[in-house]
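> quick one: sequence plus predicted model below, questions after.
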Amino acid sequence: MTDMPKPRTFNADGITAPFRHATFRRIWLASLLSNLGALIRGVGAAWAMMQMTSSADMVALVQTALMLPVMLISMPAGAIADMYDRRRIILYSLGIALTGATALTTLAWLDLVTPTLLLALCFLVGTAVALLDPAWQSSVSEQVPSDALPAAIALNGISYNLARSVGPALGGIVVAAAGIVAAFAINALLYLPLMFALFLWKRAPEPSRVPPESLHRAIVSGVRYIMNAPSIKIVLIRAMAMGLFGGAIIALMPLVARDLLHGGAETYGIILSAFGLGAVIGALSVTEVRKRMTGEAAIRACALSMGGALVAVAMSREPLLTAVALVLAGAVWMMAWVLFSIGVQLSAPRWVTGRALAAYQAASSGGIAVGSWAWGHVTDIAGVNVALLLAAALLAVSPLLGFWLPMPRVSARGEEPEMLDDPKVRLALSGRSGPLVVEIEYRVGQENARSFHNLMQDIQLFRQRNGAYGWSIARDIADPELWTERYHCPTWLDYLRQRNRATKSERALDQRATAFHIGPEPVRVRRMLERPFGSVRWKEDAPDRAAAKDLESKHEHGVMS
């Protein structure tokens, strides 16, 4: 038995709706503890680096070491999340993170940690997070029904930021009272409840009619889908810009505590908690914001508000004023990331959700990682306040991107693919037979030629993102009503995958194209196995195995005497 939820008649817009599902509730509570431990470790790592070096560049590199792996391996991680059991992937990833946290604790206890070793172990933990994130985020849709998905996404953000609202302050207290070793040990121990909660989750496997792709082909499929999905590409570019500019406050917060507020670990923990408290407020407000504002208007408001908050942090020398500004910064920072995540998850069908989320993680984490490195350099040259003011200026002008790349409108999760019967064939094929060429002939009245051609541009995108290549549309010069759509698939198995990945809205595009067809004959579809020179019988007397198999089949069915 599985407790995979079925749709119910409650108000899915309510932020607490996902808690009605036991699996989500257990995992969410355990993840809250895990996030708490990760934030305590973050305080310990940043403060350990502050004690070992006075270089702002090295301090900022702690954030880069944690985020860079997400940028580097997120696409393979997303492919793995779509190919294999997401629950197992999360458990394996947590095992890697636990190993890194345990090593960090042991080495710190033995007083063997150096700046380079600290960055290396942070990179290992970041690698575990990079492997975990796509499986984690795409598994949410398996724990709650689709109408509760936006609330579940927001609640996962709230889990992290509830921990952030108390974790850094607690981390500052732990570091000040018990030392860095205690902070690292607590992090390791708090991975265990989440591993236990995931162990209890009885995930229902989703059988597929076709074998899974290889890792290489799955990565290619994911990249191809994203490159032909304009709504996802827009979200990725906007997320990268937000991470690049807004990540300054994340990377430079230890230096704000030390250089601007002249405080210690406790001050650092308190201002991190203020940022986390704001993030909780932002996540709780997402549902209401989505009702009242478009995605583009909300992202613009977040960027402008965060720019103003960074100006206040740069100019303030009072902890209270800085904390208030960071509450605002945390609220709009979190709100922006939840809106980006919802935009990606509701734009991608389930077969590619992990890879779409991985691309989103790569874009956002890449922006933060590169930004953290760059802001560290700026700080070394000009100081913390100048770096923050420059970041604020860039955030203030970033809404101009909306005139070129407006955020897509999304309201509900994209429909899931509909499985179709396999086409009948008489040629002996294996899964690796290919390339396959598909030609579809339409007869369209000349008065509808322009409208039909415009529609085919949308059909091109969905064919290509689902696996086709070499797409073209041609018009017969001797018979202007005759149009031929043509595309390739690498193998027969790839064609079956491409055929069964189309969602309801994509099939509706096919139906609209068919509606243009005129004449007594239906739309004609040809599926052909491409045979380059030399690929067919190389001797005249070599047997044609396909013809022999066809003849044998006819004998079996009594077609021939």
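Received, thanks.

> contacts, neighbours, all on C-alpha from now
Will do.

> okay, buried residues for stretch 312-328 please.
Across stretch 312-328, burial judged by 16 or more other CA atoms under 10 Å covers 312-314, 316-317, 319, 322-328.

> typo on my end, it should be stretch 254-274
254-257, 260-261, 265-274.

> farthest-separated two in those?
Taking CA to CA as the measure, those span a maximum distance of 17.2 Å, between Leu260 and Ser273.

> and of the buried residues of stretch 254-274, the nearest to Gly467?
Looking at these and their distance to Gly467, the nearest is Leu272, at 44.8 Å (CA to CA).

> distance check, the closest one against Leu155.
Separation of Leu272 from Leu155 (CA to CA, to the nearest Å): 20 Å.

> what does Ile232 give?
22 Å.

> ok, Ala97 next?
Here Ala97 is placed at a distance of 23 Å from Leu155 (CA to CA).

> same check, this time on Leu320
Leu320 sits 28 Å away from Leu155, going by CA to CA.

> so which residues of the stretch 351-500 of the chain form helices?
For the stretch 351-500 of the chain, helices defined by DSSP state H, counting those that start in this stretch occupy the ranges 353-382, 384-397, 401-404, 449-465, 492-500.

> for the ones you listed, give me CSV that also has distance to Ser159 and mean neighbour count.
Below are the helices of the stretch 351-500 of the chain laid out as CSV (distance: least, CA to CA, whole Å; neighbours: other CA atoms under 10 Å):
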stretch, distance to Ser159, mean neighbour count
helix 353-382, 18, 25
helix 384-397, 26, 21
helix 401-404, 30, 12
helix 449-465, 34, 17
helix 492-500, 36, 21
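
> and the helix or strand hosting Gly330, how far out from the chain middle?
Assigned by DSSP states H and E, Gly330 belongs to helix 319-345. The chain centroid and the centroid of helix 319-345 are separated by 19 Å, computed with CA atoms, centre = their mean, to the nearest Å.

> can you start the count at 32 instead of 1 from here on
All right, first residue 32 from here; so that's helix 350-376.

> now it: mean pLDDT?
Helix 350-376 shows a mean pLDDT of 89.

> surely Ile265 meets Phe434?
No. If you go by CA atoms under 8 Å, Ile265 and Phe434 don't touch, sitting 11.7 Å apart.

> okay, now the unreliable bits of this protein?
Within the chain, the ranges that satisfy pLDDT under 70 run 32-45, 87, 91, 192, 195-196, 198-200, 235-243, 441-451, 563-592.

> and the strands in it?
Listed in chain order, the strands of the chain (DSSP state E) span 467-474, 500-506, 513-520, 555-560.

> angle of the second one against helix 480-496?
Between the direction of strand 500-506 and that of helix 480-496, the angle (axes from the mean of the first three to the mean of the last three CA atoms, to 10 degrees) works out to 170 degrees.

> residues touching the residue nearest to Met83 when sequence neighbours are not counted, list them.
What sits nearest to Met83 in space, not counting adjacent residues and going by CA to CA, 6 or more residues apart in numbering, is Pro146, at 6.8 Å. The contact partners of Pro146, by CA atoms under 8 Å, 6 or more residues apart in numbering, come to 80, 83-84, 89.

> now do Pro146 against Val74, distance only.
Noted for Pro146: a distance of 15 Å to Val74, by CA to CA.

> then Pro165?
Here Pro165 is placed at a distance of 25 Å from Val74 (CA to CA).

> and for Thr534?
Going from Thr534 to Val74 by CA to CA gives 45 Å.

> nearest residue to the residue nearest to the spatial centre of the chain in space, please, no chain neighbours.
Central residue of the chain (CA atoms, centre = their mean): Leu388, 1.2 Å from the mean position. Nearest non-adjacent residue to Leu388, counting by CA to CA, 6+ apart: Pro165, 5.6 Å away.

> got it, and Asp88?
Excluding the flanking residues, the one nearest Asp88 by CA to CA, 6+ apart is Gly407, at 4.5 Å.

> now do the helices in the stretch 82-231 of the chain.
All helices of the stretch 82-231 of the chain, identified by DSSP H, counting those that start in this stretch, fall at 87-114, 117-140, 146-174, 180-209, 211-220, 223-231.

> to Pro466, which of those helices lies closest?
Nearest to Pro466, of all those, is helix 87-114, at 23.3 Å by CA to CA.

> tell me what angle that closest one forms with helix 415-428.
Going by the same axes, to 10 degrees, helix 87-114 makes 40 degrees with helix 415-428.

> list the buried residues of helix 87-114.
Along helix 87-114, these residues count as buried under the neighbour rule (16+ other CA under 10 Å): 87-102, 104-114.

> can you spell out which helices and strands pack onto it?
Secondary-structure packing of helix 87-114 (3 or more CA pairs under 8 Å, 6 or more residues apart in numbering; DSSP states H and E): helix 53-83, helix 146-174, helix 246-258, helix 261-286, helix 384-413.

> deepest-packed of those helices, please.
Of all these, helix 384-413 carries the top mean neighbour count, a mean of 25, counting by mean count of other CA atoms under 10 Å.

> now it, how far from the centre of its chain.
Put simply, helix 384-413 sits 14 Å off its chain's centre (CA atoms, centre = their mean).

> that one vs helix 246-258, what angle?
Orientation check (the same axes, to 10 degrees): helix 384-413 against helix 246-258 gives 80 degrees.

> got JSON lines for the helices and strands packed on helix 87-114, with distance to Gln495 too?
Shown next, in JSON lines, are the helices and strands packed on helix 87-114 (distance: least, CA to CA, whole Å):
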{"stretch": "helix 53-83", "distance to Gln495": "35"}
{"stretch": "helix 146-174", "distance to Gln495": "23"}
{"stretch": "helix 246-258", "distance to Gln495": "7"}
{"stretch": "helix 261-286", "distance to Gln495": "12"}
{"stretch": "helix 384-413", "distance to Gln495": "15"}
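
> ok, which of the ones you listed comes nearest Leu426?
Leu426 lies closest, by CA to CA, to one member of the helices and strands packed on helix 87-114: helix 261-286, at 6.0 Å.

> now do the closest one against helix 87-114, angle only.
Angle of helix 261-286 versus helix 87-114, following the same axes, to 10 degrees, is 150 degrees.

> which other helices and strands does helix 261-286 contact?
The contact analysis (3+ CA pairs under 8 Å, 6+ apart) places helix 261-286 against helix 87-114, helix 246-258, helix 296-323, helix 326-346, helix 350-376, helix 384-413, helix 415-428.

> could I get the ones you listed as TSV with distance to Met559?
Formatted as TSV, those follow (distance: least, CA to CA, whole Å):
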stretch	distance to Met559
helix 87-114	29
helix 246-258	22
helix 296-323	48
helix 326-346	44
helix 350-376	35
helix 384-413	31
helix 415-428	52
